[in-house]
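Trainee: let me see the structure of the following:
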Amino acid sequence: QVQVVESGGGLVRTGGSLRLSCSAPRNIYSINAMSWFRQAPGKQRELVAMITTGGRTVYGDSVKGRFTISRDNAKNTVYLQMNSLEPEDTAVYYCNVYTDNANDYWGQGTQVTVSS
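Mentor: Numbers count the residues shown, from 1 in each chain. Predicted coordinates:
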């Protein structure tokens, strides 16, 4: 079974920073894009940031200018640097791996809690 593993969540105060990491196993081939989504209680899952193999990035409107996504293609790893965190950023953050043949892989999620 393919496992996508996230790490780096935790509790931080408003204005603080966290860095999330997500590693995909080496047996996932032809990765097209790696993304971070988040889901807060009572809300739908939303895109936070996406990065393609070629380095093109897309950010959700609410995180632009505060979050930065990066990727190490050789390690099948994606990072999310989150700065200036706000209580509204509190959610479970999920990593998604999308391949060229339209396969989707999800991690189990990591909790990010921002206290006011």
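Trainee: could you use CA atoms for every contact and neighbour count after this?
Mentor: OK.
Trainee: secondary structure element holding the residue positioned nearest the centre of the chain?
Mentor: Most central residue of the chain, judged by C-alpha distance to the mean C-alpha position with C-alpha atoms, centre = their mean, is Trp36 at 2.6 Å. Assigning secondary structure by DSSP states H and E places Trp36 in strand 31-39.
Trainee: can you name every helix or strand that that strand contacts?
Mentor: Using 3 or more C-alpha pairs under 8 Å, 6 or more residues apart in numbering; DSSP states H and E as the contact definition, the elements that strand 31-39 packs against are strand 46-52, strand 77-82, strand 91-99.
Trainee: what is the burial count for Val114?
Mentor: Neighbours of Val114 under the rule other C-alpha atoms under 10 Å: 20.
Trainee: what's the angle from the helix or strand where it lies to strand 91-99?
Mentor: In this structure, Val114 is located in strand 110-115 according to DSSP H and E. Taking axes from the mean of the first three to the mean of the last three C-alpha atoms, to 10 degrees, one finds strand 110-115 and strand 91-99 inclined to each other by 150 degrees.
Trainee: can you add mean neighbour count and give the helices and strands packed on strand 31-39 back as CSV?
Mentor: Below are these laid out as CSV (neighbours: other C-alpha atoms under 10 Å):
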stretch, mean neighbour count
strand 46-52, 20
strand 77-82, 20
strand 91-99, 23
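Trainee: just send these back as JSON lines, with mean pLDDT and distance to Ile69 too.
Mentor: Putting the helices and strands packed on strand 31-39 into JSON lines (pLDDT from 0 to 100; distance: least, C-alpha to C-alpha, whole Å) gives the following:
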{"stretch": "strand 46-52", "mean pLDDT": "97", "distance to Ile69": "6"}
{"stretch": "strand 77-82", "mean pLDDT": "97", "distance to Ile69": "5"}
{"stretch": "strand 91-99", "mean pLDDT": "96", "distance to Ile69": "12"}
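Trainee: lovely, talk soon.
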